[in-house]
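[1] Got a sequence here, can you model it:
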Amino acid sequence: MSSARISKTAAKVATNIRRELASESNLRVLEALPAFRADEHLPKKLRRLLDRLDAAEHDKPLRKMLRRS
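    Presented below is the predicted three-dimensional model:
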């Protein structure tokens with residue numbers, strides 16, 4: 001298999017993975033998992049940074065952010 005063909009296949013796989021990660025059903029599942037929740041005992045500075053990140057994510061849906069990656 002040629003290098004160009006492998007690169008094209010890898011690009012397609014990456015696109016499909018991004019699409020699947022950004023699906024509504026997958027986002028709901030991920031948000032419900034404990035591993036994706038912040039600990040309640042975080043330092044104030046880290047909590048503020050996470051709050052800013054949440055605000056930025058609400059301005060730009062995750063789907064759009066993943067497409068640019």
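
[2] Tell me where this structure has helices.
    Here the chain has its helices, by DSSP state H, at 3-21, 24-32, 44-59, 62-68.

[3] Make TSV from the ones you listed and add mean pLDDT and mean neighbour count to it.
    C-beta coordinates here come from the backbone N, C-alpha and C atoms, glycine included. Listed next are the helices of the chain as TSV, based on pLDDT from 0 to 100; neighbours: other C-beta atoms under 10 Å:
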stretch	mean pLDDT	mean neighbour count
helix 3-21	87	11
helix 24-32	83	10
helix 44-59	83	10
helix 62-68	52	12
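
[4] Show the end-to-end separation of stretch 27-37, please.
    One end of stretch 27-37 to the other measures 13 Å (C-alpha to C-alpha, to the nearest Å).

[5] Setting the sequence-adjacent residues aside, check what's closest to Leu42.
    If you skip the residues right next to it in sequence, Leu42 has Leu50 as its closest partner in space, 7.3 Å away by C-beta to C-beta, 6 or more residues apart in numbering.

[6] I figured the one you found hits Glu40, correct?
    No. Using C-beta atoms under 8 Å, Leu50 and Glu40 do not qualify as a contacting pair, with a distance of 11.7 Å.

[7] Kindly check the end-to-end length of stretch 27-41 for me.
    With C-alpha to C-alpha applied, stretch 27-41 spans 25 Å between its terminal residues.

[8] Just give me how far that stretch sits from the chain centre.
    13 Å (C-alpha atoms, centre = their mean, to the nearest Å).

[9] That concludes my questions; thank you for your assistance.
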